[in-house]
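Novice: sequence unavailable; structure follows:
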């Protein structure tokens with residue numbers, strides 16, 4: 001049985017795992033401040049609709065707060081999904097391998113953006129095509 005080729009030191013993987021777990025906790029805590037977990041969909045959150053009262057200015061404030069919170073919820077959920085995917089790739093032994101060219105992603109890129117799934121070269125190519 002072939003062992004997967006090791007591209008990164010155990011120390012580097014440990015450091016990245018700790019960073020990703022800390023990011024996961026922080027994101028979940030942030031989401032908990034203004035959302036509720038969707039009981040039907042794993043890792044999905046719903047922005048709480050604030051209740052200030054029935055007066056028109058209170059209703060306007062409710063709408064304004066919800067309008068601010070909804071895009072923030074969506075952005076945090078995406079970041080959480082990316083973080084969970086990166087942690088899963090670490091467990092599977094595929095972390096740090098570009099999903100497009102199957103080559104190792106440079107350590108400095110992973111340190112700067114631990115959730116990255118593509119190398120700089122492939123990412124540039126994708127952006128140019130867009």
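Specialist: That came through fine. Everything numeric here is computed off the predicted structure, so don't read it as measured data.
Novice: which one's the longest helix in this structure?
Specialist: Counting residues, the longest helix found in the chain (DSSP state H) is helix 56-92.
Novice: what about the residue lying closest to residue 89 once chain neighbours are set aside, how many residues nearby?
Specialist: Nearest residue to residue 89, sequence neighbours excluded (CB to CB, 6 or more residues apart in numbering): residue 95, at 4.1 Å. (Glycine included, C-beta is placed from N, CA and C.) With neighbours defined by other CB atoms under 10 Å, the count for residue 95 comes to 25.
Novice: ok, and what's touching the helix or strand hosting residue 125?
Specialist: In this structure, residue 125 sits in helix 120-129 according to DSSP states H and E. Outside of helix 120-129, the residues within contact range by CB atoms under 8 Å, 6 or more residues apart in numbering are 98, 100, 101, 105, 106, 109, 116, 118.
Novice: what's the helix or strand of the chain at the bottom of the mean pLDDT ranking packed up against?
Specialist: For the chain, using mean pLDDT, DSSP states H and E, the weakest element among its helices and strands is strand 45-47, scoring a mean of 81. With contacts defined as 3 or more CB pairs under 8 Å, 6 or more residues apart in numbering; DSSP states H and E, the packing partners of strand 45-47 are strand 35-37, helix 56-92.
Novice: residues contacting residue 37?
Specialist: Contact partners of residue 37, counting by CB under 8 Å, 6+ apart, are 44, 45, 46.
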